[in-house]
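# dropping a prediction and its sequence here:
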Amino acid sequence: MRKNDCVILRVREDLSAKSNLAPLKAQIAELVRKDILRISLAFTESSYFHTHTIAILVQCIEIVHEKGGALGIINPNEEILDVLNTISLDKLVRIYATEDAAVADTAVVN
């Protein structure tokens, strides 16, 4: 979904150790190639970030940051928030309580 130059990507599957996030990375790279630099992700309530998930997320952050953009996560569950805080990724992504908050944040792009 795109609103006010912000794209929200909803990951509808529950993330697990077997999740393939390569298509998500490719989609983010394509958005950045089109100069869409405000991207936020919404995960399911049951998702959890495993090592592979974190590695792909870091690559996505790098793709977006290289062009001066920002990546956000909308309403992460407690487990995802704990992982982000523990490995300090909360300093590299914006955390939003709602999709409206993500769309309203015009200060996302550096």
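Received, thanks.
# leaving aside the residues next to it on the chain, what's closest to Ile74?
If the residues on either side of it in the chain are set aside, Ile74 comes closest to Ala42, at 4.3 Å by Cβ to Cβ, 6 or more residues apart in numbering. Yep, even glycine has a C-beta here, placed from its N, CA and C like the rest.
# most remote residue from the protein's center?
In terms of distance from the mean C-alpha position of the chain, Lys18 ranks first, at 18.6 Å (Cα atoms, centre = their mean).
# now do the strand or helix carrying Ala55: which elements does it pack against?
Using DSSP states H and E, the element containing Ala55 is helix 51-66. Applying 3 or more Cβ pairs under 8 Å, 6 or more residues apart in numbering; DSSP states H and E, one finds that helix 51-66 contacts helix 22-33, strand 70-74.
# out of these, deepest packed?
Comparing these by mean neighbour count (mean count of other Cβ atoms under 10 Å), strand 70-74 ranks first with a mean of 22.
# next, the spatially most central residue of the chain: secondary structure please.
In the chain, the residue lying closest to the centroid (Cα atoms, centre = their mean) is Leu41, at 3.9 Å. Under the three-state scheme (DSSP: H, G, I helix; E, B strand; the rest coil), Leu41 adopts strand.
# quick one: contacts for it?
Contacts for Leu41 (Cβ atoms under 8 Å, 6 or more residues apart in numbering) come out as 8-11, 24, 71-74.
# turn these into a markdown table, including distance to Leu81 and pLDDT.
A markdown table is the format used below for the contacts of Leu41 (distance: Cβ to Cβ, whole Å; pLDDT from 0 to 100):
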| residue | distance to Leu81 | pLDDT |
| --- | --- | --- |
| Ile8 | 18 | 94 |
| Leu9 | 18 | 95 |
| Arg10 | 18 | 93 |
| Val11 | 16 | 89 |
| Leu24 | 19 | 94 |
| Leu71 | 15 | 96 |
| Gly72 | 13 | 96 |
| Ile73 | 9 | 96 |
| Ile74 | 12 | 96 |
